[in-house]
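> coordinates only, no sequence provided:
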């Protein structure tokens, strides 16, 4: 593995809490696929971990509730032919998923006011346009 997978800031996925499972993968690889365990499943017990700050953990548990099984987050990777690259892919996906799920909520949008000058100019231009169109008719509008 290429080292700690940073979630955000100085918080990283703890190697000791990651559970790896390997199985035979479908997809590219020819006969190699039938003999080697290249598919990777990475599991991380989000409910019991102490590695994440409590606020992050609560946010992640709430946002990932649909993906969790008994508080455990699972990620599968079988994109590559080698187990090592699939391990890398799974760990990066897990870190990205946790980073997105534990991010603070966006600031609420403040409604902006339309400046008075813009509104007045719009109404003045509408009036001019109406006068122009009215002037095109043969009637005498007064």
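Everything's here; your move. These numbers were taken from a predicted model, which means no experiment stands behind them.
> could you check the pLDDT of the spatially most central residue of the chain?
The residue lying closest to the centre of the chain (C-alpha atoms, centre = their mean) is residue 100, at 5.2 Å. Residue 100 is assigned 89 on the pLDDT scale.
> again, but for the one 10 residues further on
Residue 110 carries a pLDDT score of 92 in this model.
> buried residues, the helix or strand hosting the residue nearest to the centre of the chain. List them.
Taking DSSP states H and E as the criterion, residue 100 maps to helix 83-102. For helix 83-102, the neighbour count (16 or more other C-beta atoms under 10 Å) marks 83, 86-91, 94-95, 97-99, 101-102 as buried. Using the backbone N, CA and C atoms, a C-beta is placed for each residue, glycine as well.
> packing partners of it?
strand 6-8, strand 18-23, strand 39-45, helix 54-63, strand 72-77 (3 or more C-beta pairs under 8 Å, 6 or more residues apart in numbering; DSSP states H and E).
> quick one: strands adjacent to the helix or strand following the first one?
To tie it back to what came earlier, the one meant is strand 6-8. Using DSSP H and E, the helix or strand that follows strand 6-8 in sequence is strand 11-12. Here strand 11-12 is paired, per DSSP bridges, with strand 6-8 (antiparallel).
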